[in-house]
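Asker: got a predicted model here, sequence first, then my questions.
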Amino acid sequence: MSLVSLELFKQHVRADDFADDDAYLAHLLGVAEEWVVRETNRSVEELKGLNGGVFPVSLVQAIMMTAGHWYNQREGVSGVQMHEVPYSLRALVKPWTKLVDDDSGKDEIPSADT
């Protein structure tokens, strides 16, 4: 998808002075991009269309935050109790989230008399 540049993400995780993790960082970016876009219940094209043809910067930040978390926490469990930062990731994604299916009638069951 490449919605976020590797160079910007490397600055975000403070890994911009070496290239050893580039393949892993690019992998994390790809997975985070998929996750954030899926969380909005929209396509990349829809999101760009809602924002004047440009992918929203708040979602770019959400992607970097998600991938950065996964870069720093590489396992599914942690020995340290962690808490979600209030109004962070959720606040970035929620304004772009489609809450209802606006394709009315598309999935309707045909009536018996048709």
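Answerer: Received it, and whenever you're ready, just let me know what you need.

Asker: thinking residue 96 is in contact with residue 59, fair?
Answerer: Yes: counting by Cβ atoms under 8 Å, residue 59 is a contact partner of residue 96 at 6.1 Å. (C-beta placed from N, C-alpha, C; glycine too.)

Asker: these two - which one has more neighbours?
Answerer: residue 59 (24 against 20; other Cβ atoms under 10 Å).

Asker: helix/strand/coil for the more buried one?
Answerer: helix (DSSP: H, G, I helix; E, B strand; the rest coil).

Asker: tell me how far it lies from residue 8.
Answerer: Using Cβ to Cβ, to the nearest Å, residue 59 is found at 13 Å from residue 8.

Asker: identify the contacts common to residue 96 and residue 59.
Answerer: Common contacts of residue 96 and residue 59 (Cβ atoms under 8 Å, 6 or more residues apart in numbering): 40, 47.

Asker: for the residue most central in space within the chain, give its distance to residue 55.
Answerer: Nearest to the mean C-alpha position of the chain, by Cα atoms, centre = their mean, lies residue 36 at 2.0 Å. Going from residue 36 to residue 55 by Cβ to Cβ gives 10 Å.
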